[in-house]
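Visitor: Sequence plus the predicted model coming up.
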Amino acid sequence: MANDQVRIRKLPLEGRARSRWRWVPVIVGFAALISVGAEVMARHARAEQARLDKIWRVSGPPCAPLDPTIFRSLRRYPQATPYDETLYRRVGGTMTCTHRADRIEGEKVRYSVCKFSGADYLLVSLAGRDQFYDLTGGRSAAITVIKNEVRCMVIPPSRM
């Protein structure tokens with residue numbers, strides 16, 4: 001009776017081969033996950049760029065020029081701040097600066113933007129040239145230096 005032992009074996013699946021398509025849902029799932037992640041990151045980058053553009057892209061009327069003798073005859077010495085090869089001297093107020101990169105005439109250009117709030121007088125020195133601006137009356141200004149060209153624009157008051 002020892003030879004009459006019962007053996008349980010797994011029967012092979014007859015007529016059924018392993019499907020090559022069993023990994024398709026997994027691959028499609030990973031592809032969908034990657035594309036959704038890429039879209040979320042792109043939307044975040046666009047929102048951040050729009051936020052920075054709202055803060056740092058400036059436009060407005062040009063600043064009023066100032067007679068250099070008025071600036072040089074001030075009793076107190078103006079505060080000097082160097083930033084990116086440009087020297088800013090201001091009387092009063094606050095200043096904040098950043099760098100921006102934009103396409104100008106087909107090429108990518110990196111330039112600086114500085115905002116001034118509450119300054120009365122402003123001197124911008126770049127490459128041996130001095131430009132004087134009058135900001136009295138509580139006006140705020142933004143200075144951009146693009147390719148050694150200084151532009152001053154009057155802007156609405158901003159928080160620093």
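Guide: Alright, I've got the coordinates. Numbering: from 1, shown residues only.
Visitor: so which helix or strand takes in the residue positioned nearest the centre of the chain?
Guide: The structure's the chain has its C-alpha centroid closest to residue 52; by C-alpha atoms, centre = their mean the separation is 5.1 Å. Element membership for residue 52 (DSSP states H and E) is helix 24-56.
Visitor: returning to what we had before: for the residue nearest to the centre of the chain, what are its contacts?
Guide: By C-beta atoms under 8 Å, 6 or more residues apart in numbering, residue 52 lies in contact with residue 100. Where C-beta positions appear, they are placed from N, C-alpha and C, glycine not excepted.
Visitor: Mind listing what's buried along the helix holding residue 52?
Guide: Buried residues in helix 24-56, counted by 16 or more other C-beta atoms under 10 Å: residue 56.
Visitor: same deal with stretch 56-70?
Guide: Neighbour-count burial for stretch 56-70, counted by 16+ other C-beta under 10 Å, picks out 56, 58, 63, 66.
Visitor: residues in contact with stretch 103-120?
Guide: For stretch 103-120, contacts defined as C-beta under 8 Å, 6+ apart pick out 56, 58, 83-84, 86, 88, 90-102, 122, 134-136, 138, 140-147, 155, 157-160.
Visitor: one step back: which member of the buried residues of stretch 56-70 is positioned nearest residue 19?
Guide: Ranked by distance to residue 19 (C-beta to C-beta), the buried residues of stretch 56-70 are led by residue 56 at 56.6 Å.
Visitor: any idea what sits nearest that closest one, other than its immediate chain neighbours?
Guide: Nearest residue to residue 56 in three dimensions, chain neighbours excluded: residue 113, at 5.3 Å (C-beta to C-beta, 6 or more residues apart in numbering).
Visitor: Could you measure from the one you found over to residue 135?
Guide: Between residue 113 and residue 135 the distance is 16 Å, computed by C-beta to C-beta, to the nearest Å.
Visitor: Strands of this structure, start to end?
Guide: With strands called from DSSP state E, the chain shows them at 64-65, 79-83, 86-91, 94-104, 107-117, 121-126, 129-134, 140-146, 149-155.
Visitor: one step back: any of the contacts of stretch 103-120 buried? List them.
Guide: So, of those, 56, 58, 83, 86, 88, 90-93, 95, 97, 100, 122, 134-135, 140-145, 155 end up buried under the neighbour-count rule (16+ other C-beta under 10 Å).
Visitor: picking that back up, what average pLDDT does the helix holding residue 52 get?
Guide: For helix 24-56, the mean per-residue pLDDT is 88.
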